[in-house]
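A.B. asks: got a predicted model here, sequence first, then my questions.
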Amino acid sequence: MKYCLIYLGFFSILLFVVMGIDKSRAQHHKWRVSERFLFILAALGGAAGGCVGMIVFRHKTRHRSFQLGFPLLLIVQVFLVFFLWNQKSLV
């Protein structure tokens with residue numbers, strides 16, 4: 001379970017940082033991080049960081065796919081953590 005939380009924490013921090021970088025690059029009209037890559041990081045476990053990044057950086061908040069997608073991925077990831085936690089308790 002410890003490794004699961006480390007894994008999720010790593011991807012959450014990574015996506016949070018990438019969201020900040022993308023917002024900065026957008027403000028300076030530079031090359032951007034693709035939305036697909038942001039969703040890949042969120043799906044790999046970084047949804048919490050993506051949700052926090054949306055709020056902190058006010059980034060991608062107008063995109064319905066991000067408004068719904070990141071929180072839904074976060075719900076799935078929280079569910080999986082609780083599921084894995086309960087499975088470990090049974091062993």
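C.D. replies: Received it, and whenever you're ready, just let me know what you need. The structure presented is a predicted model; accordingly, all values stated were derived computationally and were not measured.
A.B. asks: now do the phi/psi pair for Tyr3.
C.D. replies: Dihedral pair for Tyr3: phi -70, psi -30, per degrees, to the nearest 10.
A.B. asks: do you know how far it is from Ala43?
C.D. replies: 19 Å (Cβ to Cβ, to the nearest Å). C-betas here are computed from N, CA, C, even on glycine.
A.B. asks: look at those two and report which has more neighbours.
C.D. replies: Looking at Tyr3 and Ala43 with other Cβ atoms under 10 Å, you find the greater number of neighbours at Ala43, namely 16 against 7.
A.B. asks: please report phi then psi for Gly49.
C.D. replies: Per-residue torsions, Gly49: phi -60, psi -30 (degrees, to the nearest 10).
A.B. asks: okay, now it: neighbour count?
C.D. replies: 26.
A.B. asks: what's the separation between it and Gln67?
C.D. replies: Distance from Gly49 to Gln67, by Cβ to Cβ: 16 Å.
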